[in-house]
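In: Prediction below, plus the sequence it came from.
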Amino acid sequence: MKSASLPLVGHWLNGAIRRDESGPRGPVFDPSLGQPCAEVALGADADIEMAVASAAAAFADWAATPALRRARVMYRFKEIVERNAAELGRAISREHGKTAADAQGEIIRGLEVVEFACAAPQLLKGEFSENAGSGVDAFSVRQPLGVVAGITPFNFPVMVPMWMFPLALVCGNCFILKPSEKDPSPSLLLAEWLDAAGLPPGCFNVVQGERRVVDALLAHPRISAISFVGSTAVARHVYLTGTSAGKRVQALGGAKNHLVVMPDADIDLTVDALLGAAYGSAGERCMAISVAVAVTDPLADELVLRLASRVRALRIGPADAAEPDMGPLVTAEHRAKVVGYIEQGVAEGAIAVVDGRDWRQAAEHGSGFYLGGTLFDHVRPQMRVYREEIFGPVLVIVRVASLDEAMELINAHNYANGTAIFTRSGEAARRFSSGIQVGMVGVNVAIPVPVAFHSFGGWRQSLFGDHHAYGPEAVRFYTRLKYVTSRWPRGADSSNAFVMPTLR
Ligand code: NAD
């Protein structure tokens, strides 16, 4: 369906926007209003070919550009993004629905990776061994892979691409971004600002679209590596398909993050942290806390009592309203899916202390995709609301008798992205941090997203591949090692050429 009145979000190919007015397109919604606000071009073979060809053509010069100059592009890009953060935040909120403050938080966390990428000359240094053998020096260099691609989810349309392209680019690669079709507009602002920062045409391309574009990127012989962030089913598909096509792949998947509350925890701090971590961004964060594990029944009773009134009082409103706690869900389909999980939880016997379906939409909410917060108590490990990722404003409480039981529960879950413990006991915190089999752990920190100079990634079904995202892991992912052994002989070389060379 084509609409004359809605803007068309196009691709960014070889340093310019490309809009094919006659090509296929999909709808983009403003979730706060529940109305279409744009259309997105769905990339065709010609768009993908142009992206790959321009990236491949730009690669040799970009890879040969000194790392210091590549880093300077990132310095300028950071300044441009900061100057235009309000515009970028509005673009995020309009298509995603997250609040203005939350959108700014996303931008800041993304920019931290850009700041880290500015250290490219330091990050790319190799190792040197003088006189490794007599008259022989040995050194290592890290070289870029070539053309690499990033496929990103709807829930962080700026931050997650920024986990990828700043480091891929400063390492000397050319990058193709395939953003989520649900909120495609911010990607074009990023592309324009990279261009304004002096990035040569072809080094960064955006191809909009859905599964078809992803599968074409996975199959393309000129693409060396794929970074993916999204749901586990697609992450697995991307990892298996990409690696069998000979590519390096890192594929970050879904999550079900547990927060363990010990009986000695500061209860006020814990309740505040749980509210923000479970319901912030309407629960559409891969590091959202969706399970509170209460150690002992009396603690669970107090937790439920305190949480229930606060969940009922959540301020839910349009992304541009004055300080709502959370906005709408991203699409009507996603809202229906979350409602389906609430129905399922009730049917399975979980106690809906607060049922988000009871929340009433006011005039200011129009036909937006809102849903109230839900709090389930007495949830058991076999229930679907416990086992599966809901990705909405739903917090479930599981009651256990001890820290050991809490840890067994978490270690048995399919997902292992993030987890946290709230306690005043150093002994309990240390035992938990050491023994828990999860990629990112918080101690009295509910959303332990590592800072940009560390790396981000989960275990088990939350990450396929060997490398975590951003930080030093990204430098390893986006480069390959080469070792050079050199000798500059003076006079005749008396070594026996037929014997395996040894360094003596
Ligand atoms: P999604 O898996 O539906 O989509 C992610 C990307 O894959 C999009 O670009 C989409 O167009 C593409 N895609 C969708 N279906 C595909 C298919 N069948 N084949 C090929 N490509 C396909 O994820 P989403 O709904 O956009 O994002 C939410 C999910 O992302 C949640 O599961 C969340 O936990 C996860 N996520 C994980 C992390 C992390 O770091 N582990 C971070 C953010 C989001």
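Out: Received the coordinates, thanks. Numbers count the residues shown, from 1 in each chain.

In: and residue 166, how many residues sit next to it?
Out: 30 (other CB atoms under 10 Å). For the C-beta atoms, the positions are set from N, CA and C on the backbone; glycine is no exception.

In: I'd assumed residue 117 was in contact with it.
Out: Yes - counting by CB atoms under 8 Å, residue 166 touches residue 117, with 3.7 Å between them.

In: Overlap of the contact sets of those two?
Out: residue 74 (CB atoms under 8 Å, 6 or more residues apart in numbering).

In: Secondary structure class of the nearest residue to residue 289 once chain neighbours are set aside, three-state.
Out: Among residues not flanking residue 289 along the chain, residue 277 sits closest, at 3.9 Å (CB to CB, 6 or more residues apart in numbering). Here residue 277 is recorded as helix under DSSP: H, G, I helix; E, B strand; the rest coil.

In: how much space between the residue most central in space within the chain and the ligand?
Out: In the chain, the centroid-proximal residue (CA atoms, centre = their mean) is residue 160; its distance is 4.1 Å. Noted for residue 160: a distance of 6 Å to the ligand, by CB to the nearest ligand atom, to the nearest Å.

In: Tell me the residues on the stretch 401-504 of the chain that lie near the ligand, please.
Out: Selection of the stretch 401-504 of the chain residues close to the ligand by CB under 6 Å from any ligand atom yields 417, 458, 462.

In: wait, doesn't the second one sit right on residue 436?
Out: This means residue 458. No - judged on CB under 8 Å, residue 458 makes no contact with residue 436 at a distance of 11.9 Å.

In: Kindly format the C-alpha coordinates of stretch 383-397 as CSV.
Out: Only the C-alpha atoms of stretch 383-397 are listed here, as CSV (Å, rounded to 0.1, in the frame of the first residue of the first chain):
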residue,chain,number,x,y,z
MET,A,383,5.0,-21.5,33.5
ARG,A,384,5.4,-19.8,30.1
VAL,A,385,5.4,-16.4,31.7
TYR,A,386,8.6,-17.5,33.5
ARG,A,387,10.2,-19.5,30.7
GLU,A,388,9.7,-17.1,27.8
GLU,A,389,10.8,-13.6,27.1
ILE,A,390,7.7,-11.3,27.2
PHE,A,391,9.4,-8.0,26.4
GLY,A,392,6.7,-5.9,27.9
PRO,A,393,5.8,-4.2,31.3
VAL,A,394,5.3,-7.5,33.1
LEU,A,395,7.3,-8.5,36.3
VAL,A,396,6.9,-12.0,37.7
ILE,A,397,7.8,-12.9,41.3
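
In: Kindly report the residues of the stretch 101-250 of the chain close to the ligand.
Out: 151-156, 160, 178, 180-181, 210-211, 214, 229-231, 234, 237.

In: so of those, which ones are in strands?
Out: Counting by DSSP state E, those place 151, 178, 229 in strands.

In: Please name the bridge partners of the second one.
Out: This points to residue 178. residue 151 (DSSP bridges).

In: Grab the longest helix from the protein for me.
Out: Identified as the longest helix of the chain according to DSSP state H is helix 45-64.

In: give me the low-pLDDT residue ranges for the chain?
Out: In the predicted model, the chain carries pLDDT under 70 at residues 1-4, 491-495, 503-504.

In: rerun at 90
Out: The chain contains residues with pLDDT under 90 at 1-5, 20-23, 134, 319-323, 361-366, 488-504.

In: Could you report the separation of the closest residue to the ligand within the stretch 51-200 of the chain from residue 466?
Out: For the stretch 51-200 of the chain, the residue closest to the ligand is residue 153, as judged by CB to the nearest ligand atom, at 3.0 Å. Relative to residue 466, residue 153 is positioned 21 Å away (CB to CB, to the nearest Å).

In: Could I get the full set of strands for the stretch 151-300 of the chain?
Out: 174-178, 204-206, 223-229, 248-252, 257-261, 289-295 (DSSP state E, counting those that start in this stretch).

In: Show residues contacting the third one.
Out: In this structure, residues lying in contact with strand 223-229 by CB under 8 Å, 6+ apart are 52, 145-153, 160, 163-164, 168, 173, 176, 217-218, 234-235, 238-239, 242, 247-252, 286, 469, 477-478.

In: what comes up buried for that strand?
Out: Buried residues in strand 223-229, counted by 16 or more other CB atoms under 10 Å: 223, 224, 225, 226, 227, 228, 229.

In: how close does residue 144 get to residue 327?
Out: Residue 144 is 39 Å from residue 327, by CB to CB.

In: Mind checking which of these two has more residues around it?
Out: The neighbour count for residue 144 versus residue 327, taken as other CB under 10 Å, is higher for residue 327 (28 against 23).

In: isn't that one right next to residue 282, touching?
Out: Yes - contact criterion CB under 8 Å: residue 327 and residue 282 qualify, at 6.1 Å.

In: Name the residues contacting each of those two.
Out: 97, 98.

In: and the residue nearest to residue 326 when sequence neighbours are not counted, what is it in contact with?
Out: Nearest non-adjacent residue to residue 326, counting by CB to CB, 6+ apart: residue 282, 4.6 Å away. Neighbour list for residue 282: 97, 98, 326, 327, 328, 329, 371, 392, 393 [criterion: CB under 8 Å, 6+ apart].

In: For residue 297, see how far away residue 402 is.
Out: From residue 402 to residue 297 the distance is 12 Å (CB to CB).

In: Helices along the stretch 401-504 of the chain, start to end?
Out: Applying DSSP state H, counting those that start in this stretch to the stretch 401-504 of the chain gives helices spanning 403-411, 426-435, 471-477.

In: Format those helices as JSON lines; extra columns: mean neighbour count and distance to residue 107.
Out: Formatted as JSON lines, these follow (neighbours: other CB atoms under 10 Å; distance: least, CB to CB, whole Å):
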{"stretch": "helix 403-411", "mean neighbour count": "18", "distance to residue 107": "32"}
{"stretch": "helix 426-435", "mean neighbour count": "14", "distance to residue 107": "30"}
{"stretch": "helix 471-477", "mean neighbour count": "21", "distance to residue 107": "19"}
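
In: Just put those in TSV and tack on distance to residue 500.
Out: Formatted as TSV, these follow (distance: least, CB to CB, whole Å):
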stretch	distance to residue 500
helix 403-411	47
helix 426-435	44
helix 471-477	30
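
In: Got phi/psi on residue 138?
Out: For residue 138, the backbone dihedrals (degrees, to the nearest 10) come out as phi -130, psi 140.

In: List the residues that contact it.
Out: 128, 129, 132, 483, 484, 485, 486.

In: Restricted to strands, list the residues you listed.
Out: Going by DSSP E, the strands hold 128, 129, 132, 483, 484, 485, 486 from the contacts of residue 138.

In: Just name the closest of the buried residues of strand 223-229 to the ligand, please.
Out: Closest to the ligand out of those is residue 229 (4.6 Å), distances taken as CB to the nearest ligand atom.

In: Now do the end-to-end distance for stretch 30-38.
Out: 8 Å (CA to CA, to the nearest Å).

In: Please identify the buried residues of it?
Out: Applying 16+ other CB under 10 Å to stretch 30-38 flags 30, 31, 32, 33, 34, 37, 38 as buried.

In: wait, which of these is closest to residue 196?
Out: Distance to residue 196, by CB to CB, is smallest for residue 38 among those, at 22.5 Å.
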